[in-house]
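**Q** next comes the sequence, and after it the predicted model I'd like to discuss.
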Amino acid sequence: MDFEPNYGSSEYSPKAEELFAGFLLDVERAQLDPESGAAPDFEQFCVEHDAYADELYGLHADWDNVRGLVAQMNGLRPRALAPAPVEVAAPTPSALELAEREAKIEPFSADDVPDSREEVHVSSLQRWKNLSTAMVTLAILASLWAANQFRNSRVLAMEKGELMSEQQVTREELVLAHSTGEALAAEGKQLADKLRNSEAAKGELESTQVVLTRDLDEARAGHEKLQLTQKQLEANLRAEQEKREEAAAQAQAAKDLAARLAMSVEAADLLNDESSLWPTHSIKSGALEHWLDQAEALKAQWTSSAGSSAEAPGALAKLLSQSGPIARTRARLARLNEWNAEARAEAGSPWSEALAQINDPSETPEFAGPDLVPQFGLVPIGRSSKTGLWRFADLQTGALPEIDEAGEVQAAEGSALVFLLIPGVELEGQSVAPFFVCETPWTPQHHLQAFGIPEPAADSALQARIAYEKALVQLGYEPLSSLQAMLAKPYGLQVTSWGRFPARAVEP
């Protein structure tokens, strides 16, 4: 029956191997030279070296297995450690053949290629272990073979009478045998050192492989982290771009709002300026034209920024309304230019004929004082057949009325207010200058024609009176005073100071 030694599942430390090799040498020395003393006791030896007792017991078990294997190969049964006569056995295989047979080293083939890195690792460890076992076995078997050959030679010499008794063995032979055993042990130790070096190299290789694997994992982790960082940077860049776009939109919105506010403020200023452009006769046409230029520029700016269909805020909406201040001022400018044309004292013009008679004392003896000059907005329309006073139509309040065959005014919708020129008088030592008084009352239609907007609604008579007098001031009129009403009565005019009969001073 073939005997397979059990070499254990764990490696022995170098110190344990060295101690056990020394124990074997002491046993062999006692067997070869009984006079040197009894062989050492293994149990006592393990007690003395308690730190390595477990490994020493394992090595002793492996040693017994090896001795049994050697006995089988030599055709002998196992013997005790004490020397005994042995029969001459057939030639045994060489130590190298025994090591190769025990290690079962097989040639490498393509079928042995592992499927994974783990299998390569396990296969490499197994082959390293088999090789180390073979080398240790080679060293031990070589030592045993030499000792066995020595004992066999002694037995043969004793049988043939050629060997002297054990007492005659010279010390030199013992020394030689001992030296041979020590040499073989040294060779075994060298082999064990080589094995350890090989195992160290294998360990370094494995460590290098572990380091490379770790570096590769770290590189992969770094690459993944870099990818995540890149994605995060891209996300941050997009978020920053969105923030910039949002900030730009907010800035543009703020800029537009500021522009609208600025335009609203400018519109409010223009509305205030427009209210100061009254009465028309007290200003020049250039002031109206300048105001219109500013208003038209603001209107163009709003249309360009917000669009023609956009709803303007507050004061701007009031300024840009279709019938608002721009349209009214444009109409006022047109009437001013029209009056300027009518007021030229050219031959054949209404004012030239009227002034020729009014400033001639023989024609109008009741009109004393400085010569009359053209009055803004008024156009002479002849003398009244009833009162003999000169009539004047105010183009600010409508169109020229028609005059019938009898020389009377035919009032119609859209026609202007008609004023009579009342001569000045001396009253109680006071001089009263000539003035104009309206022979027809002021109506909402006149307000609409003069200002382009309906007369404001009033909740009370007081509010209505305030709105009426404000309109008169803007047109250059004034409310009729009690004195003026009294001076107008002799001419048959039914006017009162509390009525809506505007008066107007004569401009020098």
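**A** Done, it's in.
**Q** what sits against residue 35?
**A** Remark: with contacts taken as Cβ atoms under 8 Å, 6 or more residues apart in numbering, residue 35 is in contact with nothing. Any C-beta I mention is one placed from the backbone N, CA and C, and that applies to glycine too.
**Q** give me the three-state assignment for it.
**A** Assigned state for residue 35: helix (three-state reduction, DSSP: H, G, I helix; E, B strand; the rest coil).
**Q** quick one, phi/psi of residue 27?
**A** Dihedral angles phi and psi of residue 27 (degrees, to the nearest 10) take the values phi -60, psi -40.
**Q** surely it and residue 41 touch.
**A** No - using Cβ atoms under 8 Å, residue 27 makes no contact with residue 41, being 10.1 Å away.
**Q** more neighbours, the two?
**A** residue 27 (17 against 10; other Cβ atoms under 10 Å).
**Q** so where's the stretch 101-250 of the chain uncertain?
**A** Applying pLDDT under 70 to the stretch 101-250 of the chain flags the ranges 101-171.
**Q** quick one, helices of it?
**A** Using DSSP state H, counting those that start in this stretch, the helices of the stretch 101-250 of the chain run over residues 117-159, 171-275.
**Q** on the three-state scheme, the residue nearest to residue 278 when sequence neighbours are not counted is what?
**A** For residue 278, ignoring the flanking residues on the chain, the nearest one in space by Cβ to Cβ, 6 or more residues apart in numbering is residue 474 at 3.7 Å. Taking three-state DSSP as the rule, one finds residue 474 in the helix state.
**Q** okay, now residue 474: neighbour count?
**A** Per other Cβ under 10 Å, the neighbour tally for residue 474 reads 17.
**Q** try residue 399
**A** By other Cβ under 10 Å, 13 other residues sit near residue 399.
**Q** so how far is residue 384 from it?
**A** Between residue 399 and residue 384 the computed distance is 19 Å (Cβ to Cβ, to the nearest Å).
**Q** what's the answer for residue 418, then?
**A** Applying Cβ to Cβ, one obtains 9 Å for the distance of residue 418 from residue 384.
**Q** any shared contact partners between these two?
**A** By the contact definition Cβ under 8 Å, 6+ apart, residue 418 and residue 384 are jointly contacted by residue 391.
**Q** comparing those two, which shows the higher neighbour count?
**A** Using other Cβ under 10 Å as the criterion, residue 418 and residue 384 rank with residue 418 on top: 23 against 19.
**Q** any idea what that one is bridged to?
**A** The residues listed as beta-bridge partners of residue 418 by DSSP bridges are residue 393.
**Q** tell me the contacts of it?
**A** The neighbours of residue 418, taking Cβ under 8 Å, 6+ apart as the test, are 381, 391-394, 401, 409, 438-440.
**Q** low-confidence ranges in this structure?
**A** Scanning the chain for pLDDT under 70 picks out the ranges 1-11, 69-171, 279-285, 307-311, 323, 339-348, 368-369, 497-498.
**Q** and it, split by domain according to the record?
**A** When the chain is parsed with automatic domain parsing, its domains come out as 14-105+115-218, 349-505.
**Q** how about the strands in the stretch 401-508 of the chain?
**A** Using DSSP state E, counting those that start in this stretch, the strands of the stretch 401-508 of the chain run over 402-403, 409-410, 418-422, 425-427, 430-432, 435-438, 478-479, 502-505.
**Q** next, format the ones you listed as CSV and append distance to residue 292.
**A** As requested, the strands of the stretch 401-508 of the chain are arranged in CSV below (distance: least, Cβ to Cβ, whole Å):
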stretch, distance to residue 292
strand 402-403, 32
strand 409-410, 33
strand 418-422, 28
strand 425-427, 43
strand 430-432, 39
strand 435-438, 29
strand 478-479, 28
strand 502-505, 26
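**Q** next, name the residue at the spatial heart of this protein.
**A** Residue closest to the average C-alpha location in the chain (Cα atoms, centre = their mean): residue 239, at 2.2 Å.
**Q** ok, that one to residue 249 distance?
**A** Between residue 239 and residue 249 the computed distance is 15 Å (Cβ to Cβ).
**Q** do residue 358 as well
**A** 70 Å.
**Q** swap in residue 195?
**A** Where residue 249 is concerned, residue 195 sits at a distance of 79 Å (Cβ to Cβ).
**Q** tell me which of the two has more neighbours.
**A** In terms of neighbours (other Cβ under 10 Å), residue 195 is the more surrounded of residue 195 and residue 249; the figures are 21 against 10.
**Q** quick check: residue 315 is in a helix.
**A** Yes - secondary structure assignment places residue 315 in a helix (three-state DSSP).
**Q** who's in contact with it?
**A** 264-265, 267-268, 271.
**Q** which of these sits closest to residue 372?
**A** Distance ranking of these against residue 372, using Cβ to Cβ, places residue 271 first at 35.9 Å.
**Q** now do the contacts for the closest one.
**A** Contacts for residue 271 were tallied using Cβ under 8 Å, 6+ apart; they are 315, 318-319, 325.
**Q** can you do 6 Å?
**A** Residues in contact with residue 271, defined by Cβ atoms under 6 Å, 6 or more residues apart in numbering, are 315, 319.
**Q** and the gap between it and residue 326?
**A** With the distance defined as Cβ to Cβ, residue 271 ends up 11 Å from residue 326.
**Q** equivalent analysis for residue 358, please.
**A** Between residue 358 and residue 326 the computed distance is 38 Å (Cβ to Cβ).
**Q** repeat that for residue 433.
**A** Using Cβ to Cβ, residue 433 is found at 37 Å from residue 326.
**Q** tell me which of the two has more neighbours.
**A** residue 326 (21 against 13).
**Q** tell me, how many residues neighbour residue 413?
**A** Close neighbours of residue 413, defined as other Cβ under 10 Å, add up to 9.
**Q** how about the nearest residue to it, chain neighbours excluded?
**A** Sequence neighbours aside, residue 445 is the residue nearest to residue 413 in space, at 6.7 Å (criterion: Cβ to Cβ, 6+ apart).
**Q** OK, contacts around residue 454?
**A** So, once contact is read as Cβ under 6 Å, 6+ apart, residue 454 ends up touching residue 448.
**Q** what about it, distance to residue 444?
**A** Shown here: residue 454 relative to residue 444, a distance of 7 Å by Cβ to Cβ.
**Q** what of residue 226?
**A** For residue 226, the distance to residue 444 (Cβ to Cβ) stands at 84 Å.
**Q** residue 351 touches residue 372, doesn't it?
**A** No - with contact taken as Cβ atoms under 6 Å, residue 351 and residue 372 are classed as non-touching, separated by 9.4 Å.
**Q** and stretch 296-304, what's buried?
**A** Judged by neighbour count (16 or more other Cβ atoms under 10 Å), stretch 296-304 contains these buried residues: 298-299, 302.
**Q** make CSV out of the residues you listed and add distance to residue 428 and secondary structure.
**A** Below are the buried residues of stretch 296-304 laid out as CSV (distance: Cβ to Cβ, whole Å; DSSP: H, G, I helix; E, B strand; the rest coil):
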residue, distance to residue 428, secondary structure
298, 55, helix
299, 56, helix
302, 60, helix
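**Q** save those as TSV, and put in distance to residue 231 too.
**A** Listed next are the buried residues of stretch 296-304 as TSV, based on distance: Cβ to Cβ, whole Å:
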residue	distance to residue 231
298	52
299	53
302	47
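**Q** wait, which of these is closest to residue 209?
**A** If you rank those by distance to residue 209 using Cβ to Cβ, residue 302 comes first, at 79.7 Å.
**Q** list the contacts for residue 446?
**A** Residue 446 touches 397, 417, counting by Cβ under 6 Å, 6+ apart.
**Q** what about it, distance to residue 207?
**A** Distance check for residue 446 against residue 207: by Cβ to Cβ, it reads 113 Å.
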